[in-house]
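In: Build me a structure from this.
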Amino acid sequence: VQLVESGGGLVQPGGSLRLSCAASGFTFSRYAMSWYRQAPGKERELVAAISSVGGSTNYADSFKGRVTISRDNAKNTVYLQMNSLKPEDTAVYLCNARRVIGTKSADYWGQGTQVTVSS
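Out: Numbering: from 1, shown residues only. Predicted coordinates:
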């Protein structure tokens, strides 16, 4: 199982980035996908989530209106479009795949991609 994030980098305040997470080794279309972020010294927090077939999305309140999560099941890839970036958005952004069947769940994580917002 692999989740490989890409698209991070250095961007100026007010700028945009599009993150990608390429999945392999599991049936991507059966998993809900999420983006989390973790800044130094802070807890990991949810940014956005999308259902397995993409029909439902969920955004953390602090990100609503600034980010859009999407997925392409044909390409086994989930995306996070981030706009109006702020310095406080600086963090490592991680991709998560999750599937719950009854009382069991499977969780996979990527290594993350660094996003730095600075002038």
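
In: What residues of the helix or strand of the chain with the lowest mean pLDDT count as buried?
Out: The weakest-scoring helix or strand in the chain, judged by mean pLDDT, DSSP states H and E, is strand 104-109 (a mean of 93). Using 16 or more other C-beta atoms under 10 Å as the test for burial, strand 104-109 gives Tyr108, Trp109. Any C-beta I mention is one placed from the backbone N, CA and C, and that applies to glycine too.

In: C-alpha coordinates for it, CSV please?
Out: Extracted as CSV, the C-alpha positions of strand 104-109 are listed here (Å, rounded to 0.1, in the frame of the first residue of the first chain):
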residue,chain,number,x,y,z
LYS,A,104,-13.2,-3.1,11.5
SER,A,105,-11.4,-0.3,9.8
ALA,A,106,-8.4,0.1,7.6
ASP,A,107,-6.4,3.3,7.7
TYR,A,108,-3.5,4.2,5.4
TRP,A,109,-1.3,7.3,5.5
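
In: Determine the next helix or strand in the C-terminal direction from it.
Out: Of the helices and strands lying after strand 104-109 in sequence (DSSP states H and E), the nearest is strand 113-117.

In: That next one pairs with which strands, and in what direction?
Out: If you go by DSSP bridges, strand 113-117 pairs up with strand 9-11 (parallel), strand 91-101 (antiparallel).

In: which residues touch Val4?
Out: Taking C-beta atoms under 8 Å, 6 or more residues apart in numbering, we find Val4 in contact with Cys21, Ala22, Ala23, Gly110, Gln111.

In: which pair in the residues you listed spans the largest distance?
Out: Pairwise distances across the contacts of Val4 peak at 13.0 Å for Ala23 and Gln111 (criterion: C-beta to C-beta).
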